[in-house]
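1. Using only what follows, build the 3D model:
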Amino acid sequence: IALTSAVFWLVRTFPLQRGAVVQRLIVHIGIGLVVAALVELTRTALLLGLIDVGWIESLPRRAFSGGGRRTREITAWMSVSRFQFLDEFVIYTGVLAAGVARMSFLRALDRESEAGRLEAERARLETQLADARLQALRMQLNPHFLFNALNAVSAFIERDPERAQTMIAQLAGLMRRVLDGDARLEIPLADERALLRDYFAIQQARFGDALTVDLDFASDTLDAHLPPLLLQPLAENAVEHGVSKLVDVAGRIAVTAVREQSEGHDLLVLTVRDNGPGIDPDAATGGVGLANTRNRLAALYGDAASFALDRVDGGTRATVTLPFHTTPNHR
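-> Numbering: from 1, shown residues only. Predicted coordinates for the structure are as follows:
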């Protein structure tokens, strides 16, 4: 018991590790034999000093010349020379095994702790990378949106300055909404609806009576959160590739938001539909706005979100499905 801490120290100093197991095992066996012999020598000498040693008189006299203390020393050495210390060596081996098991357990705990730390660090770095990627996508979307909006305004500067001035004021309000939300990864659907209203106000000033817009958002969806400017590129796609291609037919765009359940999960389903000539297969995956929409959904929600663009009777329909949640995602 007294030497247990010392044996544990030896295990730490000479660990049985790969590449040096045999050498370290020889060291431990040698130390164990020496320690066991010393323990047996000490134990025997102490016992002979405490108990009656009359039975020693039956042994040959030459073994005890000198008597007394000398007799106890000789008898102790005799116990060592007859390998009576092997039981102490067995005990030492057991303590050694306990020390090795303890070291293995502590190392396993350290590895588990280090693995947890590395996993947390990896998750943190992945989150930072995803945030940087989302911000890069957002920065890509803003100038694209601004360019297209200014392009719409520029068409009226000469032929209808008053309408152009109104559109510039509307564009300023719209850009204020866009820039104010730059730092947020998600906003309430109610804010996205307000941004869409500003955007369609500019487009209706551009098209006049040739464009009708219907925003139909279920009341239980307005608190749901989604990435900012998620619907605007889809609305822009409906305008530029849908209703702007119509001739002698008024354009119609319908934007809807409903809450649905699928396999026990609440989903927010958003659709943008136009009555244009229908989607061009080559445009289904191209363009900054559509590619940006797919990438942002994948970065924030992974496989839990989806985006589809398909041709329906009388136009094109874009459908976004994402998890319904009312708490913003801060990554």
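2. which residues touch Gln204?
-> Under the criterion of C-beta atoms under 8 Å, 6 or more residues apart in numbering, the neighbours of Gln204 are 211, 213. Any C-beta I mention is one placed from the backbone N, CA and C, and that applies to glycine too.
3. Can you check the pLDDT for Lys47?
-> Residue 47: Leu, not Lys. Here, the pLDDT recorded for Leu47 equals 65.
4. same thing with Tyr301?
-> pLDDT, Tyr301: 88.
5. Does it lie in a helix or a strand, and which?
-> With the criterion set as DSSP states H and E, the secondary-structure element containing Tyr301 is helix 288-301.
6. From the rest of the structure, what touches the helix or strand following that helix?
-> Per DSSP H and E, helix 288-301 leads on to strand 306-312 as the next helix or strand towards the C-terminus. For strand 306-312, the external contacting residues (C-beta under 8 Å, 6+ apart) are 273, 278-279, 284, 290, 293-294, 297, 316-322.
7. Only the buried subset of those, as a PyMOL command please.
-> Taking 16 or more other C-beta atoms under 10 Å as the burial criterion, the selection of buried members of these in PyMOL is written as:
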select buried, resi 273+278+279+290+293+297+316+317+318+319+320+321+322
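8. Roughly how far does Ser154 sit from Pro277?
-> Using C-beta to C-beta, to the nearest Å, one obtains 25 Å as the distance from Ser154 to Pro277.
9. Which of these two has more residues huddled nearby?
-> Taking neighbours as other C-beta atoms under 10 Å, Ser154 and Pro277 compare with Pro277 leading, 17 against 11.
10. pLDDT below threshold where in the stretch 201-331 of the chain?
-> Low-confidence segments of the stretch 201-331 of the chain, defined by pLDDT under 70, span residues 280-289, 330-331.
11. now the strands for it?
-> For the stretch 201-331 of the chain, strands defined by DSSP state E, counting those that start in this stretch occupy the ranges 211-217, 225-226, 251-262, 265-274, 306-312, 315-323.
12. In CSV: those strands, plus distance to Leu38.
-> Converted to CSV, those look like this (distance: least, C-beta to C-beta, whole Å):
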stretch, distance to Leu38
strand 211-217, 87
strand 225-226, 74
strand 251-262, 76
strand 265-274, 71
strand 306-312, 76
strand 315-323, 71
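13. Pick the most deeply packed of those strands.
-> Among the strands of the stretch 201-331 of the chain, ranked by average contacts under mean count of other C-beta atoms under 10 Å, first place goes to strand 225-226 (a mean of 26).
14. counting contacts, what elements does it pack onto?
-> strand 187-188, helix 189-207 (3 or more C-beta pairs under 8 Å, 6 or more residues apart in numbering; DSSP states H and E).
15. what's in contact with the shortest one?
-> Contacts with strand 187-188, where a contact means C-beta under 8 Å, 6+ apart, come from 181, 222-228, 328.
16. so which of those is the most crowded?
-> Per-residue neighbour counts (other C-beta under 10 Å) across the contacts of strand 187-188 peak at Leu226, which has 30 neighbours.
17. That residue and Ala190 touch, don't they?
-> No: in this structure, Leu226 sits apart from Ala190 without contact. The criterion is C-beta atoms under 8 Å, and the distance is 10.7 Å.
18. Distance from whichever strand or helix holds Leu41 to the middle of the chain?
-> Assignment of secondary structure by DSSP H and E places Leu41 within helix 21-50. Helix 21-50 has its average C-alpha position 53 Å from the chain's average C-alpha position, going by C-alpha atoms, centre = their mean, to the nearest Å.
19. how about a markdown table for the helices and strands packed on strand 225-226, with distance to Val269 added?
-> Listed next are these as a markdown table, based on distance: least, C-beta to C-beta, whole Å:
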| stretch | distance to Val269 |
| --- | --- |
| strand 187-188 | 17 |
| helix 189-207 | 12 |
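20. Looking at these, which is nearest to Ala120?
-> Nearest to Ala120 among those is strand 187-188 (28.7 Å), distances taken as C-beta to C-beta.
21. contacting residues for the closest residue to Asp220 other than its chain neighbours?
-> For Asp220, the nearest residue in space outside its immediate sequence neighbours is Arg259; the separation is 5.5 Å by C-beta to C-beta, 6 or more residues apart in numbering. The contact partners of Arg259, taken as C-beta under 8 Å, 6+ apart, are 218, 220-221, 224, 266-269, 324.
22. Appreciated, that's everything.
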